[in-house]
Structures are given as structure tokens and as C-alpha cells.
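J.: Mind looking at a prediction? Sequence and model below.
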Amino acid sequence: MATTALQKPGGATIASSAEICVSTFNVFLNDNVESSGWAEEQMARFSIWAANLGVFARGHASADYRLRNSDEVRSLVLQLLHALRKNLLCTVASSVVQDEEETSSSNSGSDASEVSTSSFSFSSMSSSKASVEDAIPTSILRARTEVEDAISRLNRLSASIRKSGAQIRDTKAAAFVDEDDEGNNLTAFYARLSVLVIKQKFPDAGEDLQIRLADSLARRRNQLAYRRRHQRKLTRRYIDERPLLGAFHQDRSRPREATVSLPQQEVKIPIRSDVKRPVLSNTSASLFDPKRFMNRPKSTTSRAPSTAMLGTPSQIATLNFPAEPKLDRSGFFECPYCFIICPAKEARGKYWKHHVMKDLSPYICLFDDCKNVQEGFQTFSDWIAHIQDEHVPLHWDCLAPIHEPESFDDRDLYMEHMKRFHSGTFANSQLPALAQMSARAESRLFTICPLCNHLPKDLAERTSGLEVQENQSDLQKHIAQHLQSLALVSLAWLDNSNSDVSDKRDSD
């Protein structure tokens, strides 16, 4: 295969290094039929990494282009590929020596084997696999472990690289126009549909808020469509241009089948050589952001999501989440919505719901004076923090025992009070710090649900002091559930529409 990726002076490309690894895999498969199961599993994991990062893609879509200005990260990828190939070669070389020794011993003991054939039983078959594993030399097992670890590291690194460019990718989506196979403008269609949906679901909400909600609904669906189209183009180039994987194991007596993984099902589509594939326009890998990469979390596994984000179990049950993705034995999966390689743990239960919500960034600011009306927040806590920092007025409390507690809406008034009535109890240089310590944010962020334009009935009926204190927390969760539900509508629209665009436009 001709390597079209960027070539650094005096060094190998990611594409060429990965191609060498593929060739080594094929050597292993041809020479080690007994161990083909392990090799095929690792090859599948390697293929997930290569397709997700666009390793064998052309030009601006390639991993080499994405990391062209990030020598440190690029060098790390190359080191992992070198370690992978080195340990694969160790398993091949050790296996050849082992086979020669076994052949020699089997020839010398052929007579004995003929005598012992009568002692064969089905119970010996059941333990044959375990005995084969036990017979593998320690050096081969150690090399296999290193191979598995290198591929795991590549997948984790891919996730961090893709996440670092996520914001830039979503910015590109703003100019993207989604079209169906017949050239109909899906972006405009869902923008009109969003307005109708919001008016039907929240007829009492203010007009400005309805417009903002409709805009976020349509924009989110368009972002998801752009992500899917972008990744399909990278994957298509990988399928077309990758080196042959595991050719030794193809059954040429029948047409090959390609497995296309969809969010809720798996469909097998026969590949016919006489059918023309759709031609996709050029795409560029999302720009790698070194600052975001260096500030990434040390672990890609999500922490256990809090109930504050998703609500109570009964509230979660009312939300229509997509089905959990199907997993293979690789230990990783490619999310069908953010297209980032994730650990298998994130594909199950509350972790999957948490992951989906972060992909959708469902929380938007509902305050009229917000300057960032198009910003979406991934988590409930980020959303609340934004409201507290930007939209909740502060007050300053003086709790000195010589008078009744007093509250001031202005910092200067508080400082004037302290100078007038409490002078001598502090140095003038300490007053700014004292004012900062005395500042308090209003605990009530919302008095009503702005989408319903009233207080929910179950909250309005609470009368005791404790219940009233709990009202604010429950009201915030009530509003958050509205936003979560709308975000999942965007996702449902993506899955229900045929988003294979005809590529009459190149918006990448």
C-alpha cells in the first residue's frame, strides 16, 4: 500500500508503522493456526484503534496530519507501535522454535503414540484447550501480554486525542448542512420541526426561551449528524485502504460479509464488487489541541454518575435512552455518538446513560441576560456552577453579635458598614478579604420552572420548613429532566433519519 501520510524528516509515519504491525499480524496468523483465536482478537482491537483515528486515511483525514504539530504525542504513538511489533515478532519467533521442538519429539515418540491411541476419550478433548494454554512458554505469554497492553494504550491514547479536538469539531458542525440521499436539506427541516416541538411541549414558556430551546434542539441534532458523517468518512477510507487483515482466514468459497454496527442492532451486508460505493468528499481530521490533551483526566473511565445529574431511578426510567452498544472481547468500544474509543465499562447501566448525556451536552442556560446562549454544559454540576457564577446576585452578611444580622446587596455598602460600626476590630488591609469571606450567593436559583412557567404542583403543595428547603433542589432536577428529555429527542431524530448524505457540499 502506498503511504500518503505526512513523512517527518528522518522518521517513520504512523501509517507506515501501523502497516508493518498489520503485516506482522498476518505472518503470525499464517504460521500459528493453533493460536489464531488470540491473534484475531488482538487484530480486531488494533483495527478499532486504526479506524477510529484514521490511521490509514489519506491526506488531511490521517492521524499523521492530525498530529503533524504534536511531536511528543506522535512519538508516543510510534513508540507503542514499535513495542507492539517487537512483541509480535517475539511471539512468532518463539512459536517457530516451539513447533520445531514439538515436531522432533513427536517423530521420536511416534511408536508410543500408536500404542496409546486406544486410551483416547472424550474427556481428554474437553481439557485439550487448557493443556494448550499451559503448554505455551512463559516468554510467549509475556510477549502476548505486552501486545495486549500496547493496543490498550493505543486505544486510550486515541480517546484522549479525539476528545482534545471535540470542541473544534463541534465548531465546524455549525457550518454543516445535512442532506438526505435525494438532496433534501435535513438541517433546515429539523430547525422548523424543533420550533413546532417546543411550542407543543412548552406552550407556556416565554417566546425568547422557546426560540432558544428550539435552536439548541436543532443545533444538537446537526452536531450529531456531522460527527457521524465525519467518522463514516474516516472509517470508509480505512476500509478501502487498510492493508489486508487476516487474509489467511477468509473463506473464499462464499461472498465476504461486512458487519456494520448500529446503535441498536447489527446488520450483515454482503459486499459485491459490482456495486459502486458512495463517493465521500474530502475530510479533515479535527485539529489536535495540545492544551486540552495535556489537561485531560488521567483515566478515561467515567466516575460513577451522581443522582443529581440523571435524577432519581423513577425519573431516569421516564427518559428514552438509546440501547446499550454491543461489545466484543476487545475491552473497548467506539461510541456511536461521540465516536471516541471508550472502555467497556461505559457501555453498561448508569455509566452508559452518563456517557450519552455528556455526549449530548443537554444543559443550556435559561436566563434572558446570558451572553453564552449557545453553550451546552455536559454535566448538571457544570450547569449549576454557571448559573451561580453568572446569574445569581451576591449579598454580604454581617453577623456581628453587637447587632441583629444585616444583609447588604452591594459590596461597598457592606464595607462602609464595617468601617462605621466595627472599626478597630480589623486592619484596613484585611477588609477586602473580610468582604470576600462574607459574600453569599442566593440559594434560590429558580422560583418557578421557566419551561412550565409555574412551580410544579407537587412542589407547590409542600408547606413545612424542611420541605420548602428541599424544593430548590427538586426544582433544579425537574428543570434538568426537561433539558435531558429534549436532548434525547435530538438523538432520536438522528437515529430515525437516513444521515448518509450525498456529499454535494463539503462542509468539513
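T.: Structure received.
J.: any low-confidence regions in this protein?
T.: The chain contains residues with pLDDT under 70 at 1-11, 32-35, 93-135, 165-167, 234-318, 463-469, 495-508.
J.: gap between residue 470 and residue 404?
T.: 28 Å (C-beta to C-beta, to the nearest Å). C-beta coordinates here come from the backbone N, C-alpha and C atoms, glycine included.
J.: Which one of the two is surrounded by more residues?
T.: More neighbours surround residue 470 than the other of residue 470 and residue 404, with 13 against 8 (other C-beta atoms under 10 Å).
J.: In CSV, list the C-alpha atoms belonging to stretch 188-196.
T.: What follows is stretch 188-196, C-alpha atoms only, in CSV (Å, rounded to 0.1, in the frame of the first residue of the first chain):
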residue,chain,number,x,y,z
ALA,A,188,-33.5,23.2,7.7
PHE,A,189,-36.2,20.6,8.1
TYR,A,190,-35.2,19.8,11.7
ALA,A,191,-34.9,23.5,12.5
ARG,A,192,-38.5,24.0,11.5
LEU,A,193,-39.6,20.9,13.3
SER,A,194,-37.8,22.0,16.5
VAL,A,195,-39.9,25.1,16.7
LEU,A,196,-43.1,23.1,16.4
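J.: now the strands for the stretch 401-508 of the chain?
T.: 406-408, 439-441 (DSSP state E, counting those that start in this stretch).
J.: Neighbours of the residue lying closest to residue 488 once chain neighbours are set aside, how many?
T.: The shortest distance from residue 488 to any non-neighbouring residue, by C-beta to C-beta, 6 or more residues apart in numbering, is to residue 320 (5.6 Å). By other C-beta under 10 Å, the residues close to residue 320 number 10.
J.: On the three-state scheme, residue 320 is what?
T.: Classification of residue 320 by DSSP: H, G, I helix; E, B strand; the rest coil places it in coil.
J.: from what I can see it touches residue 490, true?
T.: No. Look at residue 320 against residue 490 with C-beta atoms under 8 Å: they stay out of range, at 11.9 Å.
J.: quick one: residue 422 and residue 430, what's the gap?
T.: Applying C-beta to C-beta, the value for residue 422 to residue 430 is 11 Å.
J.: And residue 138, by the same measure?
T.: Residue 138 sits 68 Å away from residue 430, going by C-beta to C-beta.
J.: For the stretch 51-200 of the chain, which segments count as helices?
T.: Ranges of helices in the stretch 51-200 of the chain, per DSSP state H, counting those that start in this stretch, are 63-66, 71-108, 110-115, 122-126, 128-135, 138-164, 166-173, 186-201.
J.: now the stretch 251-400 of the chain
T.: Assigned by DSSP H, counting those that start in this stretch, the stretch 251-400 of the chain shows helices spanning 290-294, 307-310, 313-317, 349-360, 380-390.
J.: re earlier: higher neighbour count, residue 422 and residue 430?
T.: Neighbour count, other C-beta under 10 Å: between residue 422 and residue 430, residue 422 has more, with 15 against 12.
J.: Next, count neighbours for the closest residue to the more buried one other than its chain neighbours.
T.: Excluding its sequence neighbours, the residue lying closest to residue 422 (C-beta to C-beta, 6+ apart) is residue 400, at 6.1 Å. Residue 400 is flanked by 13 other residues according to other C-beta under 10 Å.
J.: Quick check: residue 400 touching residue 417?
T.: No. The pair residue 400 / residue 417 is not scored as a contact, 9.6 Å apart, by C-beta under 8 Å.
J.: what secondary structure does residue 205 sit in?
T.: Classified using three-state DSSP, residue 205 is coil.
J.: Next, work out how far apart the closest residue to it other than its chain neighbours and residue 173 are.
T.: Closest residue in space to residue 205, ignoring its immediate chain neighbours: residue 451 at 5.1 Å, by C-beta to C-beta, 6+ apart. Look at residue 451 and residue 173: by C-beta to C-beta, they are 25 Å apart.
J.: what does residue 50 give?
T.: According to C-beta to C-beta, residue 50 stands 24 Å off from residue 173.
J.: If you count surrounding residues, which of these two has more?
T.: Neighbour totals were compared for residue 50 and residue 173, and residue 50 leads with 26 against 22 (other C-beta under 10 Å).
J.: For the more buried one, give me phi and psi.
T.: Residue 50 adopts backbone torsions of phi -60, psi -40, taken as degrees, to the nearest 10.
J.: try residue 70
T.: With angles defined as degrees, to the nearest 10, residue 70 sits at phi -130, psi 70.
J.: tally of neighbours for residue 200?
T.: 8.
J.: and if you look at residue 18?
T.: Neighbours of residue 18 under the rule other C-beta under 10 Å: 28.
J.: again with residue 20
T.: 17.
J.: surely it meets residue 88?
T.: No. Contact criterion C-beta under 8 Å: residue 20 and residue 88 do not qualify, at 9.7 Å.
J.: how close does residue 344 sit to residue 222?
T.: Using C-beta to C-beta, residue 344 is found at 30 Å from residue 222.
J.: Please identify which of those two sits among more neighbours.
T.: residue 222 (24 against 16).
J.: list the contacts for that one?
T.: Applying C-beta atoms under 8 Å, 6 or more residues apart in numbering to residue 222 gives the contacts 173, 176, 178, 187, 190.
J.: my guess is residue 195 meets residue 214, correct?
T.: Yes. In this structure, residue 195 is within contact of residue 214 by C-beta under 8 Å, at 4.6 Å.
J.: The two: which has the busier surroundings?
T.: Set residue 195 next to residue 214 and count neighbours by other C-beta under 10 Å: residue 214 wins out with 22 against 17.
J.: Now the more buried one: which helix or strand?
T.: Applying DSSP states H and E as the criterion places residue 214 in helix 207-241.
J.: Sort out which residues of that helix are buried, please.
T.: Buried positions in helix 207-241, judged by neighbour count with 16 or more other C-beta atoms under 10 Å: 209-210, 212-238.
J.: Over to stretch 400-408?
T.: Within stretch 400-408, the residues scored as buried using 16+ other C-beta under 10 Å are residue 408.
J.: quick one: terminal-to-terminal distance for it?
T.: One end of stretch 400-408 to the other measures 14 Å (C-alpha to C-alpha, to the nearest Å).
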